[in-house]
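**Student:** Let me see the structure of the following:
(2 chains)
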Amino acid sequence: MFLHILKYELKNGLRTKDLIIWLILFPIGLGICFKVAFGGIYDKTEKFSTIPVAVVEESDNAAFRQVLDNITSADDPFLKVTYADRAAAEKLLDEGEVEGIIFSGDKLSLTVKEKGLPETMLKSFVEQYTVKEKIVTDAISTSPEKAQEVITALTENTASSCKEIPLTQGNPDVYIQYFYNLIAMVAMFGCNTGMHITIQNQANLSALGARNNCSPAHKSVSILAGLAGSFIMETFCMILCVSFLAFVLKVDFGERLWLVYPAAIMGGMLGVSFGFFVGSLTRVGEKAKVALMTAVSMLMCFCSGLMLANMKAIIEDKLPWFNRINPAAVISDSFYCLNIDEGYERFISKLLTMAAITAVFVFLGFISSRRKKYASI
Amino acid sequence: MQVFKAMLKVMRKRFPSALVYIIVFITVSVMVTKASTKDNKFEASTLDICVFDEDDTPESRALVEFLGKSNDIAEIKNDRKAITDALYYKRINYALVINGGYAEKLKAGETADLFGSYHLDESFSTVYISQFLDEYVSSVNAYLTMGRSADEAIAATEEALSQETQVDMLRVDKAGNSHFSVDFSGYFRYMPYILISVILSVVCLALITMNKKDIRYRTNCSALKNSSYTFQMFFGSFLFVFCIWLILIIIGAFLNEEMYTGRAWLAVLNSFIFSMVIAALAVLISSFEPKDNIMSLITQITGLGMSFFCGVFIPMEMLSSGVKSFARFLPAYWYVRANDMIAEIEPYSLNDVLQCYLIQLLFAAALIFVTLLVRRLRYSSASIGSAVKKAAANS
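**Tutor:** Residues are numbered from 1 along each chain as shown, chains lettered A, B, ... in the order given. Below you'll find the predicted structure:
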């Protein structure tokens, strides 16, 4: 009987258009949108790259030119300098070809178009030059005999005072969060398939439920078969989703892509069991349940950062325990741990959390769908 | 006006779902405009830095205090994972360790390995703070070379580093009389997403309901003239679109805290033209009579897709050139372009703005043309005849 019901459950699932639309087509569409929008944003805004700058020489300032030449001739130059007259420089700035214009005369001044970190760095660069000038003047006025020594100390290339302590080999791009949360969203959408199990097994919710109730199959068997069918379908959708992201959109999941699959599948099961639980919880109609569940799962995804990447960090600040139990956050965190951590402790603890939440939902679902026979509903 | 009345009734029923979009949009806009400033003055970015002071001497504390003057010092648990998380999620931009023996080495004139920094990636903030530290150390060193004491050297360095350079914003003088600040232009920039979502989800569903086979057959055999029927449908749809647009514009005026003036009217006109394009799109989609679930997929994909591809959610300069050249075939691209020019994010030229209007109007015209074509093919007596035959064969 189990296999019979399972077979029809799967057939039913394959013919449900909603399933194909929301678990396969929509994630693919959204994934493409995310890739288009967030694919290059990290390299363009966060990651350090040479800052293009225009220099307008209002009067001769050989010392400043010397400094610029030193910088641009380095291996990994911090600035890319274009010399231009005022009109040409303003045109370059307006078109976004350079980040700022340095006017070099008796005093340096800076013109920028936006407020941001590269602009702040240009400001700091100009200030550093004035600082050096001031130090040299100070040296000449207070201890002229050491002035030469001071100048050498200031201009010689000293080793960096700061040593980097590497933290991870993973992908540091924070925008990849959107893809993690996309997978979490597909997992949570699995609740719709989970809910149908109850609808199809409770006589007052659907005609199919009425038919199933008067069949000789034991209720626990038909529910188990339904759960198994939903798990299989959801697993298929999760594999498709992760593969599409990893191989078609080329999202970098770090070194351990093969472990992303089991985490995603576990997440899918969590979503299904959540739907099963909500479906069996109350005696309200299908529409209200769908609305409730969609709202709750979207809220979970929102808190996990589907719409706003740093939402999770904000919640971590205010309500850290919520991130530990919010299913969408746990699912997306498991991918994050896999990417960033070297060990497996956090990843495994996320998987265990998922398994525990799944077990609780399934258990509660069974408890509340017990004894809902014709006599009691 | 029975058709018109019926249509309004259907739209009223569909409206609550659209209201969710509008409320969320307005809440977010209120938060964003409250946080923004109207003046176009340059402010240096402040970074969030966490410092682990392993030296804990007056010298190291002086450095921390000095760093805190132009940045925010954050507290993070001294644990590798906590630091990684904080750096990854940008709760802090830089994690600095002042190594033990910092004060000693500084006084001795050594500059290497004074600090450590937890390193996630080579970002602008890491380069910026590293440069700042190098500068600080070499300045202290220079003053020490002059024969000053350590305290004096630090004080002199702080004084020297506190000099501010004058930074001008390009076009700062124009921003005062353009009446359309860059920050406020964000309200108009996000508008396409709301217009698409609301108009498609309400107008399309209403048109589909009115177009359902049984209802359409009933209307067709009534005494109502066909042209009057079409007119009432169009009138109903455009009235709804107009109302939604008007609501958004009125709320915009409140957020702007003054009536639109000068160039801001160009942005208002731009959004009006765009809502007409979307109205035409809604009519086209509804003539294919998609099912409810397909319709919501179309709404989501059109809304999100156009917003992501055309620079609504993400500034256009972040998009790759391939995406941008594809986006030219979407009306929202021209809307955003015009909006950017009006706000002077891009160089402003009235001719270019008018050109963007014109292209959007051409999109609307093309959509109306295709709609007429589709309707003629689908609703012609021949195709209705074959549909009736099919239905009869099935029953």
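
**Student:** Now do the strands in the chain.
**Tutor:** Just so you know, I chose chain A. A:51-57, A:79-83, A:100-104, A:108-112, A:162-166 (DSSP state E).

**Student:** you looked at the wrong chain, it should be chain B
**Tutor:** B:48-53, B:72-73, B:94-98, B:115-119, B:167-169.

**Student:** got these as JSON lines, with mean neighbour count columns?
**Tutor:** Where you see a C-beta, it was placed from the backbone N, CA and C, and this is true even at glycine. Shown next, in JSON lines, are those (neighbours: other CB atoms under 10 Å in any protein chain shown):
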{"stretch": "strand B:48-53", "mean neighbour count": "19"}
{"stretch": "strand B:72-73", "mean neighbour count": "14"}
{"stretch": "strand B:94-98", "mean neighbour count": "24"}
{"stretch": "strand B:115-119", "mean neighbour count": "21"}
{"stretch": "strand B:167-169", "mean neighbour count": "18"}
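
**Student:** Distance to chain A and mean pLDDT added to those, as a markdown table?
**Tutor:** A markdown table is the format used below for the strands of chain B (distance: least, CB to the nearest CB, whole Å; pLDDT from 0 to 100):
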| stretch | distance to chain A | mean pLDDT |
| --- | --- | --- |
| strand B:48-53 | 11 | 90 |
| strand B:72-73 | 14 | 90 |
| strand B:94-98 | 7 | 91 |
| strand B:115-119 | 4 | 88 |
| strand B:167-169 | 5 | 82 |
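
**Student:** With distance to residue B:282 as added columns, please give these in JSON lines.
**Tutor:** Below are those laid out as JSON lines (distance: least, CB to CB, whole Å):
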{"stretch": "strand B:48-53", "distance to residue B:282": "45"}
{"stretch": "strand B:72-73", "distance to residue B:282": "47"}
{"stretch": "strand B:94-98", "distance to residue B:282": "49"}
{"stretch": "strand B:115-119", "distance to residue B:282": "51"}
{"stretch": "strand B:167-169", "distance to residue B:282": "41"}
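
**Student:** rewinding a little: ok, and which of the strands of chain A has the densest surroundings?
**Tutor:** Greatest average neighbour count among those goes to strand A:100-104 (a mean of 24), per mean count of other CB atoms under 10 Å in any protein chain shown.

**Student:** For the residue of the stretch 201-350 of chain B at minimum distance from chain A, give me its contacts.
**Tutor:** Here the stretch 201-350 of chain B gets closest to chain A at one residue, residue B:308, 3.8 Å apart by CB to the nearest CB. The contact partners of residue B:308, by CB atoms under 8 Å, 6 or more residues apart in numbering or on different chains, come to A:33-34, A:36-37, B:314.

**Student:** How about the residue sitting furthest away from the middle of chain B, nearest residue that isn't a chain neighbour?
**Tutor:** What lies farthest from the middle of chain B is residue B:147; by CA atoms, centre = their mean that is 55.3 Å. Of all residues not flanking residue B:147 in the chain, residue A:143 sits nearest, at 5.7 Å (CB to CB, 6 or more residues apart in numbering or on different chains).

**Student:** Ranking by neighbours, what's the top pick from the contacts of residue B:308?
**Tutor:** Most neighbours among the contacts of residue B:308, by other CB atoms under 10 Å in any protein chain shown: residue A:34, with 24 neighbours.

**Student:** Now do that one against chain B, distance only.
**Tutor:** Counting by CB to the nearest CB, to the nearest Å, the gap from residue A:34 to chain B is 7 Å.

**Student:** now residue A:212
**Tutor:** 24 Å.

**Student:** if I pick that residue, what's in contact with it?
**Tutor:** Residue A:212 neighbours (CB under 8 Å, 6+ apart): A:200-201, A:203, A:222.

**Student:** Mind doing that once more with 10 Å?
**Tutor:** When contacts are counted by CB atoms under 10 Å, 6 or more residues apart in numbering or on different chains, residue A:212 is found next to A:5, A:200-203, A:206, A:219, A:222-223, A:226.

**Student:** Give me the pLDDT for whatever residue of the stretch 201-350 of chain A ends up closest to chain B.
**Tutor:** Ranking the residues of the stretch 201-350 of chain A by distance to chain B (CB to the nearest CB) places residue A:313 first, at 3.6 Å. Among the per-residue scores, residue A:313 holds a pLDDT of 83.

**Student:** now do residue B:35
**Tutor:** 62.

**Student:** ok, now residue B:336?
**Tutor:** Model confidence at residue B:336, given as pLDDT, is 94.

**Student:** same check, this time on the one 10 residues further on
**Tutor:** Reading off the confidence values, residue B:346 has pLDDT 80.

**Student:** Tell me how many other residues surround the closest residue to it other than its chain neighbours.
**Tutor:** Excluding its sequence neighbours, the residue lying closest to residue B:346 (CB to CB, 6+ apart) is residue B:340, at 4.5 Å. Neighbourhood size, residue B:340 [other CB under 10 Å]: 23.

**Student:** ok, residue B:340 touching residue B:316?
**Tutor:** Yes - Residue B:340 is within contact range of residue B:316, at 6.9 Å (criterion: CB atoms under 10 Å).

**Student:** Quickly list what's touching both of those two.
**Tutor:** With CB under 10 Å, 6+ apart as the test, residue B:340 and residue B:316 both reach B:189, B:346.

**Student:** rewinding a little: name the nearest residue to the residue of the stretch 201-350 of chain B closest to chain A, sequence neighbours excluded.
**Tutor:** residue A:33 (3.8 Å).
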